[in-house]
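A.B. asks: This is a predicted model, with the sequence first.
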Amino acid sequence: LGLSDEEIQDRYLSRFVNEAVTCLQEQIIKTPVDGDLGAVFGTGFLPFTGGPFRMVDQVGAQAYVDKLSRLADAHGDHFAPCQLLKDHAANGTKFYPN
């Protein structure tokens, strides 16, 4: 496919983050803490980020919605951002108070 390392990382991380937020949206996990701990200790998600929810709070939900929307336009709906992520982007809210 001729993808750069950055494109591969963006695709992987964006999908992972979206799936984590989807799990919270669908009440598969109860809190962002559950998702972050499960991701870091269960899958080896980048521990220095604090987990996918901390990473979204740090980078901004809008950045992920924009990235996922671009990927969905180019590669299909499996990249479409979930509703909870779009809600956080629209409202400028975070998963953690601080």
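C.D. replies: Yep, it's here.
A.B. asks: Packing partners of the helix or strand hosting residue 84?
C.D. replies: Taking DSSP states H and E as the definition, residue 84 sits inside helix 83-91. Applying 3 or more Cβ pairs under 8 Å, 6 or more residues apart in numbering; DSSP states H and E, one finds that helix 83-91 contacts helix 5-25, helix 61-75. Any C-beta I mention is one placed from the backbone N, CA and C, and that applies to glycine too.
A.B. asks: and the angle from the last one to helix 83-91?
C.D. replies: I take that to be helix 61-75. Per axes from the mean of the first three to the mean of the last three Cα atoms, to 10 degrees, the angle that helix 61-75 makes with helix 83-91 is 130 degrees.
A.B. asks: Select, out of the helices and strands packed on helix 83-91, the one closest to residue 49.
C.D. replies: Taking Cβ to Cβ, helix 5-25 is the member of those nearest to residue 49, at 9.1 Å.
A.B. asks: Let me see the backbone angles for residue 3.
C.D. replies: phi -80, psi 140 (degrees, to the nearest 10).
A.B. asks: Can you get me a residue count around it?
C.D. replies: Residues lying near residue 3 (other Cβ atoms under 10 Å) number 10.
A.B. asks: ok, now which ones touch it?
C.D. replies: By Cβ atoms under 8 Å, 6 or more residues apart in numbering, the contact list for residue 3 reads residue 11.
A.B. asks: and the helices and strands packed on helix 83-91 as CSV, adding distance to residue 46?
C.D. replies: Below are these laid out as CSV (distance: least, Cβ to Cβ, whole Å):
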stretch, distance to residue 46
helix 5-25, 8
helix 61-75, 15
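A.B. asks: Of all the ones you listed, which one is nearest residue 40?
C.D. replies: Residue 40 sits nearest to helix 5-25 of all those, at 11.1 Å, using Cβ to Cβ.
A.B. asks: And that closest one, how far out from the chain middle?
C.D. replies: Averaging C-alpha positions (Cα atoms, centre = their mean, to the nearest Å) puts helix 5-25 5 Å from its chain's average.
A.B. asks: which SS state does residue 93 fall under?
C.D. replies: Assigned with DSSP: H, G, I helix; E, B strand; the rest coil, residue 93 falls in the coil class.
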